[in-house]
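*Asks:* pasted the sequence and its predicted model underneath.
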Amino acid sequence: MRVEVVLFAHLSSFQPDGLGGRHSRTFDLEDGTTIAGVIASLGLPDQPRVIFVNGRHAPESQVLHEGDRLAIFPPVAGG
Amino acid sequence: MRDIVRLDMATGQVTREPLPEKWARYGGRALTSAIVFSEVPADTDPLGPGNKLVFAPGLLAGTPAPNGGRLSVGAKSPLTGGIKESNSGGQAANALAKLGIAALIVEGKPADPGARWALVLEADGSIRLERADEWAGLENYALADAVKATRPADDRYATITNGPAGEMLMKSAGIAVSDPHGYPNRFAGRGGLGAVMGSKGLKAIIVSDKGLKMVESADKQAMMAAVRTFANALTTHAVSGTALPTYGTNVLANIINEAGGYPTRNFSEGRFEGVEGISGETMREITVQRGGNVKHGCHTGCVIQCSRYYMDKDGHYKTKGPEYESVWSLGADCGIGDMDAVAELDRKCGEVGIDTIEAGVMLGVYMDSGEIAFGDARAALDALDQIGRGTELGRILGDGAEATGIAFGVKNIPVVKHQGLPAYDPRPIQGIGVTYATSTMGADHTAGYTITSNVLAVGGTVDPFGTEGQAALSQGLQIATAMLDTLGFCIFVAFPVLDIPEAFGAIPEMVAAHTGQASDVDALMDLGKETLTYERLFNERAGFTPADDRLPKFFYEEPLSPHGAVFSVSDADLDSVHAFVPETAQRLGIA
């Protein structure tokens, strides 16, 4: 299945193509892959993070589906 | 010993009196709101002689308390018609505190409305009011230069200045406060307080703290111990220690957009296709490339350092790194996705002296009318320019989003209590809708920043789409924020405070060590409740009813893309937010 993956702030440097930036990349994943699986394959640092699938918060245990957009942020705030 | 200094604009007289014992625990917002509640008739004309403009540094300003140098500015608001506390960074709060001033109250009205005045507070304690007619009509940066020319070269001073919008009594006018470099780029922006300053003929306040020592604490050793604990939490938390100093507040653009709560083109969509052009990451890249400073505090004593300077293409200072709300309002809400264009608009707001949130929301409404097109940055800049010049159109636009929407027949006017909504749509983020609806300030995200738990997973989580728990979340944060505003803390300390118990504990420790009076979390929360109680009762006396604690109807009726959400927190839940007020009023003897 194909999933859009987008990484923000300093996490963007963990995109496999090494190009950084906040544009989404298309990942070809095996059916049943969880968010945790994607995080492990990206080698993201073991720090708190905020995760959205299709604009809604999602736990790392969530299984991804064809066409999903997965967005991962480090802890951020402002206002 | 802290004093109240009064300036009577009718006579030009300055008097100094000790802070009454009943307000000894107060500073910042508690003090401005207690003074406005006690001394300003709720039915007074906000631009008349009965209104008072109050400047109060937080209780811990001038001490080593990290991020404790915020300034509260209070009055009856010409925009909302209710009480206002507008909060600013910059150097003025610490300077006033070092002079022993708990509050500076500007009252009365000068006989000659054409006259301009400057109040000068010297480091030796002398205070004088000077004629400053030659400064009439000056924009804020030229005014800062004009002030500089009057000061000794080795002086150290802060300025509080009013741009032309305030002189023209426009309801979106804000008051500028100088930053550590002397730029007039920090603002007590919201609620039209620049118009109150303008109505009093006051163009500038200059506060010198050259050679003055920091404010002494009752128990210096205990104070420093608590300061270390607090500073450590602020600099190690992922948000206040990493994200904010790296990207500034605009780091929020992408995450709020991802959540579908980034109001676009006058709150008609929840995502902006042009967000990448104006995101915090992009802003950092541009600024670094142009040699701009990307990390400093807005006031001495800030350890978070989320401020930055935005440079033009030639590498010259253009404006402060626009904050998240300013980039959103002048960017996404207007359909503008170009960072340089946003910076140009931000600078113009700073020059003219208008609130960037109100200005952007106004422009979004104006664009929605079809008079100018969404995305037309040049037309937007011209509109702001007309405000500064006081043209017929400019005088309408300068009165803010609601005035503009009414004048141009726009259906969806995003305001509560006549004040424009900030940068989070309340449909997919219901908690912030509770704050917008119920805050004593009118629509104001800082009053109870539920984005923490609704979106950012700071201080726990509350489902942003659900209605459950939103009123309690907003209430708790509104009380805590009023407390932080009273002590003089930047509200960004809330991020580590909500997550790190020792950081929270360090606050009552600092208060106790500084004042010599015992303090604990309950006592601090009482400060917050008392502040909100003065504000709530003032608003009731000014004529506000529960009907004013609601969002505009379209937020309940028109679903927002991409989630199709509408605001659905019940009226009963909204009305529960101020349930503590009668009891607190009883305790204060002001019921």
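*Replies:* Good, I have the coordinates.

*Asks:* so which residue of chain A comes closest to chain B?
*Replies:* Going by CB to the nearest CB, chain B is nearest to residue A:78 of chain A, at 3.2 Å. Backbone N, C-alpha and C define where each C-beta goes, glycine included.

*Asks:* helix/strand/coil for that residue?
*Replies:* Look at residue A:78: counting by DSSP: H, G, I helix; E, B strand; the rest coil, its state is coil.

*Asks:* next, the residue nearest to it when sequence neighbours are not counted: phi, psi?
*Replies:* Distances taken as CB to CB, 6 or more residues apart in numbering or on different chains put residue B:249 closest to residue A:78, at 3.2 Å, once the chain neighbours are dropped. Phi and psi for residue B:249, reported as degrees, to the nearest 10, are phi -60, psi -20.

*Asks:* quick one, phi psi at the residue nearest in space to the middle of chain B?
*Replies:* Closest to where the C-alpha atoms of chain B average out (CA atoms, centre = their mean) is residue B:87, at 3.8 Å. Dihedral angles phi and psi of residue B:87 (degrees, to the nearest 10) take the values phi -110, psi 140.

*Asks:* isn't it right next to residue B:186, touching?
*Replies:* No: using CB atoms under 8 Å, residue B:87 makes no contact with residue B:186, being 10.1 Å away.

*Asks:* thinking again about what came up before, I'd say the residue nearest to residue A:78 and residue B:326 touch.
*Replies:* No: contact criterion CB under 8 Å: residue B:249 and residue B:326 do not qualify, at 9.1 Å.

*Asks:* the two - which one has more neighbours?
*Replies:* residue B:326 (28 against 25; other CB atoms under 10 Å in any protein chain shown).

*Asks:* which parts of chain A sit against chain B?
*Replies:* Within reach of chain B by CB under 8 Å from any CB of the partner chain, chain A has these residues: A:6, A:8-10, A:12, A:22-23, A:47-48, A:50, A:52, A:55-57, A:71, A:73-79.

*Asks:* buried subset of the residues you listed?
*Replies:* For the residues of chain A next to chain B, a neighbour count by 16 or more other CB atoms under 10 Å in any protein chain shown gives the buried set as A:6, A:8-9, A:12, A:22, A:50, A:52, A:55, A:57, A:71, A:73-79.

*Asks:* residue B:57 is in contact with residue B:94, isn't it?
*Replies:* Yes: at 6.9 Å, residue B:57 counts as touching residue B:94 under the criterion of CB under 8 Å.

*Asks:* overlap of the contact sets of the two?
*Replies:* Applying CB atoms under 8 Å, 6 or more residues apart in numbering or on different chains, one finds that residue B:57 and residue B:94 are jointly contacted by residue B:69.

*Asks:* for the residue nearest to residue B:336 when sequence neighbours are not counted, give me its contacts.
*Replies:* Among residues not flanking residue B:336 along the chain, residue B:377 sits closest, at 5.0 Å (CB to CB, 6+ apart). By CB under 8 Å, 6+ apart, the contact list for residue B:377 reads B:334, B:336, B:338, B:341-342, B:344-345.

*Asks:* what about whatever residue of the stretch 301-450 of chain B ends up closest to chain A, neighbour count?
*Replies:* Closest to chain A within the stretch 301-450 of chain B is residue B:324: 4.7 Å, counting by CB to the nearest CB. Neighbour count of residue B:324, defined by other CB under 10 Å: 27.
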